[in-house]
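Q: What follows is a predicted structure for the sequence shown.
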Amino acid sequence: MDEDVTGEKPSRSEAKRRAILNAATEVFLKSGYLGTNMDEIAALSGVSKQTVYKHFSSKEALFVEIVSSMTNTAGDLVHNDIAAAETEAVLADFLIDYAYRQLSVVLTPRLMQLRRLVIGEVPRFPDLARVLYERGPLRAMRSLAATFEILAQRGFLTIGEPMLAAQHFNWLVMSEPLNRTMLMGDDAIPADDELRRTARDGVRVFLAAYGKGK
């Protein structure tokens, strides 16, 4: 049995809950909300249908949990353990590393499938679209805005409105590859070298607008 982040083995109940979530994630991403049924999730997770309902009261509750969990996990991968550049000499490298991390985390088949699925279900689950936005793009821009404030205080950037600068950075880096992948499918996900090039180019344009003395 796998250990959790504390190094302790999960309880039997928690192990079943994880199995249900893992199975449900695969089914929802493959079949969509309407095409998913709890019998298939139960069979794939190796538990009874009653056990599924014991952990999640409804298909809707399970769907909400999956969207929240996947979005939070992706956000943590991008934003955790990020410390603002300490010197101007490493500023560009710091921003490029951040941009590349954001691109490589977001532009994955599972997250792209999740985005398409949630967008398709906006009329049914409008709050889920809000969750995806707030814990995804908005969290990224708020985190960047806070970092940009620090960098401006250190004299490395010239920024009047940190949130606006964060929006500019986000879309300089994310817009083209994200839109392409959303519309053209997983085969359009850029290769690693293209992600790195996109990160470098986006940062170069950003610094041309917001670099020291601009």
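A: Now that the structure is in, tell me what you want to look at.
Q: thinking Thr51 is in contact with Lys16, fair?
A: Yes: contact criterion C-beta atoms under 8 Å: Thr51 and Lys16 qualify, at 6.1 Å. Glycine gets a C-beta too; all of them are placed from N, C-alpha and C.
Q: can you pull out the helices in the chain?
A: Remark: helices assigned in the chain by DSSP state H are 12-31, 38-45, 49-55, 59-79, 91-106, 109-120, 126-133, 139-153, 162-184, 192-210.
Q: Now mean pLDDT too, for those, in a markdown table please.
A: What follows is those, written out as a markdown table (pLDDT from 0 to 100):
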| stretch | mean pLDDT |
| --- | --- |
| helix 12-31 | 90 |
| helix 38-45 | 93 |
| helix 49-55 | 92 |
| helix 59-79 | 84 |
| helix 91-106 | 93 |
| helix 109-120 | 90 |
| helix 126-133 | 82 |
| helix 139-153 | 90 |
| helix 162-184 | 94 |
| helix 192-210 | 96 |
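Q: Out of the ones you listed, the one nearest Ala85 is which?
A: helix 91-106 (3.8 Å; C-beta to C-beta).
Q: counting contacts, what elements does the closest one pack onto?
A: For helix 91-106, the packing partners by 3 or more C-beta pairs under 8 Å, 6 or more residues apart in numbering; DSSP states H and E come out as helix 59-79, helix 139-153, helix 162-184, helix 192-210.
Q: Output the helices of the chain in TSV, with mean neighbour count appended to each entry.
A: Below are the helices of the chain laid out as TSV (neighbours: other C-beta atoms under 10 Å):
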stretch	mean neighbour count
helix 12-31	17
helix 38-45	17
helix 49-55	16
helix 59-79	17
helix 91-106	20
helix 109-120	17
helix 126-133	15
helix 139-153	19
helix 162-184	17
helix 192-210	16
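Q: quick one: which of the helices and strands packed on helix 91-106 is nearest Asp39?
A: Using C-beta to C-beta, the helices and strands packed on helix 91-106 put helix 59-79 closest to Asp39, at 10.9 Å.
Q: quick one: Tyr115 from Arg204, how far?
A: Small correction: residue 115 is Arg, not Tyr. Arg115 is 27 Å from Arg204, where distance means C-beta to C-beta, to the nearest Å.
Q: Including distance to Ala23, could the helices and strands packed on helix 91-106 go into CSV?
A: Below are the helices and strands packed on helix 91-106 laid out as CSV (distance: least, C-beta to C-beta, whole Å):
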stretch, distance to Ala23
helix 59-79, 10
helix 139-153, 27
helix 162-184, 25
helix 192-210, 30
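Q: quick one, which of those helices is nearest to Leu103?
A: With C-beta to C-beta as the measure, helix 192-210 is the member of the helices and strands packed on helix 91-106 nearest Leu103 (4.6 Å).
Q: now the angle from that closest one to helix 139-153?
A: Orientation check (axes from the mean of the first three to the mean of the last three C-alpha atoms, to 10 degrees): helix 192-210 against helix 139-153 gives 50 degrees.
Q: Return helix 192-210 as PDB; C-alpha atoms alone will do.
A: This file holds the C-alpha atoms of helix 192-210, laid out as PDB (Å, rounded to 0.1, in the frame of the first residue of the first chain):
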ATOM      1  CA  ASP A 192       9.600  20.500 -24.300                       C
ATOM      2  CA  ASP A 193      11.900  22.500 -26.400                       C
ATOM      3  CA  GLU A 194       9.000  24.600 -27.700                       C
ATOM      4  CA  LEU A 195       7.800  25.200 -24.100                       C
ATOM      5  CA  ARG A 196      11.200  26.400 -23.100                       C
ATOM      6  CA  ARG A 197      11.400  28.700 -26.100                       C
ATOM      7  CA  THR A 198       7.900  30.100 -25.400                       C
ATOM      8  CA  ALA A 199       9.000  30.800 -21.800                       C
ATOM      9  CA  ARG A 200      12.100  32.600 -22.900                       C
ATOM     10  CA  ASP A 201      10.300  34.700 -25.600                       C
ATOM     11  CA  GLY A 202       7.500  35.600 -23.200                       C
ATOM     12  CA  VAL A 203       9.900  36.700 -20.600                       C
ATOM     13  CA  ARG A 204      12.000  38.700 -23.100                       C
ATOM     14  CA  VAL A 205       8.900  40.700 -24.100                       C
ATOM     15  CA  PHE A 206       7.800  41.100 -20.500                       C
ATOM     16  CA  LEU A 207      11.100  42.500 -19.500                       C
ATOM     17  CA  ALA A 208      11.100  44.900 -22.400                       C
ATOM     18  CA  ALA A 209       8.000  46.400 -21.000                       C
ATOM     19  CA  TYR A 210       8.600  46.100 -17.200                       C
END
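Q: Nice, that's everything, thank you.
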